[in-house]
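Student: using only what follows, build the 3D model:
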Amino acid sequence: MGIIVCQACNETIDYFEDEKVTTLYSCCCDCGKKEETTVATAI
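Tutor: Numbering: from 1, shown residues only. Below you'll find the predicted structure:
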């Protein structure tokens with residue numbers, strides 16, 4: 001199980017299927033940021 005979290009506001013954006021528990025960081029549309037940076041961190 002994985003989760004995608006907004007870097008700016010720490011809100012949960014989405015969940016996805018994965019073999020490991022994973023957290024991906026991105027920016028949600030609500031924050032008004034146009035960055036496309038994504039950082040993966042395994043927990």
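Student: tell me what the particular helix or strand that has T23 in it is packed against?
Tutor: In this structure, T23 sits in strand 22-26 according to DSSP states H and E. With contacts taken as 3 or more CB pairs under 8 Å, 6 or more residues apart in numbering; DSSP states H and E, strand 22-26 sits against strand 2-6, strand 39-42. In short, each C-beta sits where N, CA and C put it, glycine included.
Student: comparing those strands, which yields the minimum mean pLDDT?
Tutor: Lowest mean pLDDT of the helices and strands packed on strand 22-26: strand 39-42, a mean of 53.
Student: sorry, back to before: alpha carbons of the strand holding T23, in CSV - could you do that?
Tutor: The C-alpha trace of strand 22-26 is given here as CSV (Å, rounded to 0.1, in the frame of the first residue of the first chain):
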residue,chain,number,x,y,z
THR,A,22,5.6,3.7,0.4
THR,A,23,5.1,7.5,0.8
LEU,A,24,5.4,9.7,-2.3
TYR,A,25,5.5,13.4,-2.1
SER,A,26,4.1,15.7,-4.8
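Student: that strand vs strand 2-6, what angle?
Tutor: Per axes from the mean of the first three to the mean of the last three CA atoms, to 10 degrees, the angle that strand 22-26 makes with strand 2-6 is 30 degrees.
Student: point out where this protein drops to low pLDDT.
Tutor: 31-43 (pLDDT under 70).
Student: let's see 50
Tutor: 33-36, 43 (pLDDT under 50).
Student: next, give phi and psi for C29.
Tutor: phi -70, psi -30 (degrees, to the nearest 10).
Student: that one: neighbour count?
Tutor: 9 (other CB atoms under 10 Å).
Student: look up how far V21 lies from it.
Tutor: C29 sits 25 Å away from V21, going by CB to CB, to the nearest Å.
Student: also V5?
Tutor: Taken as CB to CB, the span from V5 to V21 is 13 Å.
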